[in-house]
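>>> I would like the atomic coordinates for the input below:
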Amino acid sequence: MILETERLILRPWQEADAEDLYKYASSDEVGPIAGWPAHTSVENSLDIIRNVLSLPETYAVVDKATKCAIGSVGLKIGKVSDLDIPETEAEIGYWLGVEFWGRGLIPEAVKEIIRYAFEDLNLQKIWCGYYDGNIKSKRVQEKCGFEFQFTKNDVYCSLLEEIRMEHITCLTKEKWQKADKRTMA
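Take a look at the predicted model:
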């Protein structure tokens with residue numbers, strides 16, 4: 001599946017993206033705040049493409065202007081999610097390279113994945129989380145219509161071997177449809 005927005009192409013990750021992935025995922029400002037360690041080499045990034053980013057419904061966020069993979073967005077549907085949710089629901093995750101922050105690119109990508117999830121996959125709810133202190137991720141969720149649901153204390157972040165607090169948000173198909181109609185009027 002390939003999805004497009006005004007400025008982005010969302011497509012499956014390819015092994016050829018390893019250098020781009022390393023360039024943006026090696027920053028200490030990207031992964032650790034989201035719960036994963038900064039990438040340490042192109043080989044490490046290639047391994048992540050093969051074993052993590054190759055999962056179904058996981059997309060490279062590609063800048064149309066440069067054709068470079070600058071981030072990632074994806075859905076974990078039902079049992080694949082880290083949350084205990086039915087197959088009619090998904091959890092969304094995303095990140096973007098630092099030099100592209102502040103341009104509205106990740107909200108653009110997330111909104112397209114939401115549209116795809118509700119219209120094409122017929123999902124009923126999309127969940128999202130952010131670790132305490134990740135204000136940028138919180139803002140993306142707010143811009144995309146997610147509403148706070150609950151906070152989980154003492155969440156073990158295994159990739160970093162840390163205990164964190166996680167805030168969980170949700171967007172229902174019904175709320176999205178109502179909001180979408182208001183913006184289209």
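
>>> which residues in this structure form helices?
18-25, 31-34, 42-51, 105-115, 135-143, 173-184 (DSSP state H).

>>> okay, the angle between the first one and helix 42-51?
Between helix 18-25 and helix 42-51, the angle comes out at 100 degrees (axes from the mean of the first three to the mean of the last three C-alpha atoms, to 10 degrees).

>>> pLDDT of stretch 53-67, averaged?
Per-residue pLDDT over stretch 53-67 has a mean of 95.

>>> end-to-end on it?
18 Å (C-alpha to C-alpha, to the nearest Å).

>>> one more: stretch 10-22?
Start-to-end, stretch 10-22 (C-alpha to C-alpha) is 18 Å.

>>> average pLDDT for it?
97.

>>> what does it contact?
Residues outside stretch 10-22 that contact it (C-beta atoms under 8 Å, 6 or more residues apart in numbering): 1-4, 39, 41-46, 48-50, 53-54, 58-62, 68-70, 72-73, 109, 112-113. Backbone N, C-alpha and C define where each C-beta goes, glycine included.

>>> if any of those are buried, put those into a PyMOL selection.
Only the buried entries of those go into this PyMOL selection, using 16 or more other C-beta atoms under 10 Å:
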select buried, resi 3+39+44+45+46+48+49+53+58+59+60+61+62+68+69+70+72+73+109+112+113
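
>>> cool, thanks, talk later.
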